[in-house]
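>>> coordinates for the following, if possible.
(chains A and B)
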Amino acid sequence: MIQTIRGTRDILPEEIALWHRIEAVASEGFRRYGFREIRTPIIEKTELFSRGVGESSDIVNKEMYTFTDRAREDRAGESITLRPECTASVVRSYIQHRMYADHSPGELTKLYYIGPMFRRERPQAGRYRQFFQVGAEVLGDSDDPAIEAEVIEMLDWFLGELKITDTTLLINSVGDATTRGDYLVGLREAIEPDLESYCEDCHHRYATNALRVFDCKNEACRALISRLPTITESLDEASREHFAQFRAHLDARGIGYTVRPEMVRGLDYYTRTAFEIVANSGLGAQNTIVGGGRYDGLSETLGGPPTKGFGFAFGLDRLVMALPESEAASRRAAAAPEIFIVSLGDEARAHAALVARELRRAGIAVLLDFSERKMKKALALADKLHARHALIIGENETASRRYGLKNLAEGTQESLAIDEIIAKFA
RNA sequence: GCGGGUAUAGCUCAGCUGGUUAGAGCGCCAGAUUGUGGCUCUGGAGGCCGUGGGUUCGAAACCCACUACCCGCCCCA
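Down below sits the predicted model:
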């Protein structure tokens, strides 16, 4: 049996209704907040991610699906990669299409996307190799922290609309590139004297990304970590002020948050504001549902003009898991047929097809039964498919052009002509 | 890349320390007389017990290898 590749999966019809629900809420939110959709390719030149996301990140180091495109044998193959995230692609598109060219000062380009991303990592709960993300980016020459608060306000509305309420907003400022660099040097100097006392993982982190030691769960390390300087107290004046304003904007909106000075993000491009929204229950070890932050300078890294950027992405796979069951059940019911047509005999069946066409043209969801089965079995099938009504068409009905419309939940039935049925569903 | 767990019917799972015809619930099919579903009752179909090897008189069970899936670590969009 041929089955799905590791880390990929089929999203079956029973689950699709939930995805549609989330997508509908998202696009409505984006509409209200002035975001327009963009669709970028799922493959890009590898260079886009190695430059944009960063050579030192784990994504680029070991988690990308990279291939060589051998379209022409007389040329060296080009390295292409299945996109591991979409921010770099959106910024690439922003530059490529010169979206900034007609901007007036302070004008913003607000874009959102939805689609599959790929990461070559070992799958676990809520983490797949092909995963789906919805994300948005605000690009322009303004880094006003009010922009950040507004985006989070939108996410807040969004999660509320989906009845996902048991969440926590975590925020931090990682400073600009210079302060972050200086801080990293200082952090390593602070760790070094006690390096022997840290665990093996932390030795690795010390060598690659010292900020990560803050995530260590090892008891012995925790005590040492609590004495290390945090990036918050090392921020330059401008970043400190930016962060204070950001918090003030959240406060003004009544949005609660927790400052996590040790929270760092895995991508190299983040500057200043970083945030996550985590689910407090129900998702196991992979409980981050939204992650985002500011990335001033990414455009320049990709060869574009000086640009400020702020954005986020959330994982649809996890969001679907976090949806409450009540939400799930009502969505599934909405996908059921409105009318299941039960026809008895060849003549009636032929006529039923014409009736079905009329009803469908009138906008009604109709299911035809093509098999010859007894009415008893046909009604049982209608019931199993959660049809709300059965329309019974036999010899008598075919002759009289009046059909038996049965409400399957109530058990009531009435004899109606086709126009009357259509009027009933209008 | 590392660690742990699991693999038996379409699905969810039992199967005690090896013992001969491998079970349950749900689902599926048929019936409880004529053109009226759900509930109930009766009957039925359906399984190289993940794959390969080994131990044994005998293996779904024990051992080894492989594969797949799940959970976690690393890392995290």
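>>> residue contacts, residue A:269?
The neighbours of residue A:269, taking C-beta atoms under 8 Å, 6 or more residues apart in numbering as the test, are A:52, A:53, A:54, A:87, A:88, A:295, A:297, A:298, A:301. (Each C-beta comes from the backbone N, C-alpha and C, glycine too.)
>>> in this structure residue A:139 contacts residue A:108, no?
Yes: using C-beta atoms under 8 Å, residue A:139 makes contact with residue A:108 at a distance of 6.9 Å.
>>> coming back round to it: which of the contacts of residue A:269 scores worst on pLDDT?
Among these, residue A:54 carries the lowest pLDDT, at 69.
>>> enumerate the residues of the stretch 251-400 of chain A near RNA strand B.
Taking C-beta under 7 Å from any atom of the strand, the part of the stretch 251-400 of chain A that reaches RNA strand B is made up of A:264-267, A:276, A:284-286, A:288, A:291, A:313, A:315, A:344, A:373-377, A:379-380, A:382-384, A:392, A:394-397.
>>> just to revisit the earlier point, show me which of residue A:139 and residue A:108 is the more surrounded one.
Comparing residue A:139 with residue A:108 by other C-beta atoms under 10 Å, the one with more neighbours is residue A:139, at 25 against 18.
>>> so what does residue A:384 look like in phi/psi?
phi -60, psi -40 (degrees, to the nearest 10).
>>> got the residues of the stretch 51-200 of chain A near RNA strand B?
A:57-59, A:63, A:84-85, A:117, A:119, A:121-127, A:133.
>>> and the furthest pair within these?
A:57 and A:125 (22.9 Å; C-beta to C-beta).
>>> packing partners for the host helix or strand of residue A:248?
Using DSSP states H and E, the element containing residue A:248 is helix A:237-252. Helix A:237-252 sits against helix A:145-161, strand A:167-173, strand A:271-279, with contacts defined as 3 or more C-beta pairs under 8 Å, 6 or more residues apart in numbering; DSSP states H and E.
>>> what's the most buried one of those?
strand A:271-279 (a mean of 23; mean count of other C-beta atoms under 10 Å).
>>> strand partners (parallel or antiparallel) of that one?
strand A:167-173 (antiparallel), strand A:288-294 (antiparallel) (DSSP bridges).
>>> a markdown table please, covering the helices and strands packed on helix A:237-252 and showing mean pLDDT.
Below are those laid out as a markdown table (pLDDT from 0 to 100):
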| stretch | mean pLDDT |
| --- | --- |
| helix A:145-161 | 94 |
| strand A:167-173 | 91 |
| strand A:271-279 | 89 |
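>>> as a markdown table, the ones you listed with distance to residue A:193 would be great.
A markdown table is the format used below for the helices and strands packed on helix A:237-252 (distance: least, C-beta to C-beta, whole Å):
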| stretch | distance to residue A:193 |
| --- | --- |
| helix A:145-161 | 37 |
| strand A:167-173 | 26 |
| strand A:271-279 | 28 |
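>>> out of those, flag the one nearest residue A:356.
helix A:145-161 (35.5 Å).
>>> got the angle for that closest one vs strand A:288-294?
Compare the direction of helix A:145-161 with that of strand A:288-294 by axes from the mean of the first three to the mean of the last three C-alpha atoms, to 10 degrees and you get 170 degrees.
>>> backbone phi and psi for the closest residue to RNA strand B within the stretch 101-250 of chain A, please?
Proximity of the stretch 101-250 of chain A to RNA strand B (C-beta to the nearest atom of the strand) peaks at residue A:125, 3.0 Å away. Residue A:125 adopts backbone torsions of phi -50, psi 120, taken as degrees, to the nearest 10.
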